[in-house]
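Q: Fold the following and give me the result.
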Amino acid sequence: MDNQISQNRLIKEISLIPEDRHQELYDLIYTFRMGLNQPEHKLDEIMQFAGSWSDLPEEDFKNFYEEVEERR
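A: Below you'll find the predicted structure:
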């Protein structure tokens, strides 16, 4: 089975997404595409912060997550 997805198949899937969600989809695609232009060392810098909040108390994490959701 071929792992590559055709542009037509992508377009078909996109056409099935409700219009009121198009901005979110655009933001996702744009962010993903811009990330492709980032040098690999930039990813290493970002990954240094992975798990930074792992020792955050559950209540603080919940508040943080809710705030992020509100800002989206």
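
Q: now what about the one helix or strand residue 26 maps to, what contacts it?
A: Secondary structure from DSSP states H and E places residue 26 in helix 22-36. By CB atoms under 8 Å, 6 or more residues apart in numbering, the residues outside helix 22-36 that reach it are 14, 17. (Each C-beta comes from the backbone N, C-alpha and C, glycine too.)

Q: got the buried residues for that helix?
A: When neighbours are counted by 16 or more other CB atoms under 10 Å, no buried residue of helix 22-36 is found.

Q: Please save the CA atoms from that helix in PDB.
A: Provided in PDB are the C-alpha atoms of helix 22-36 (Å, rounded to 0.1, in the frame of the first residue of the first chain):
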ATOM      1  CA  HIS A  22     -11.800  26.500   8.500                       C
ATOM      2  CA  GLN A  23      -9.900  29.100  10.500                       C
ATOM      3  CA  GLU A  24      -8.600  26.500  12.900                       C
ATOM      4  CA  LEU A  25      -7.600  24.200  10.000                       C
ATOM      5  CA  TYR A  26      -5.900  27.100   8.200                       C
ATOM      6  CA  ASP A  27      -4.000  28.000  11.400                       C
ATOM      7  CA  LEU A  28      -2.900  24.300  11.800                       C
ATOM      8  CA  ILE A  29      -1.700  24.000   8.200                       C
ATOM      9  CA  TYR A  30       0.000  27.400   8.300                       C
ATOM     10  CA  THR A  31       1.900  26.600  11.500                       C
ATOM     11  CA  PHE A  32       2.900  23.200  10.200                       C
ATOM     12  CA  ARG A  33       4.200  24.600   7.000                       C
ATOM     13  CA  MET A  34       6.100  27.300   8.700                       C
ATOM     14  CA  GLY A  35       7.700  24.700  11.000                       C
ATOM     15  CA  LEU A  36       9.000  22.900   7.900                       C
END
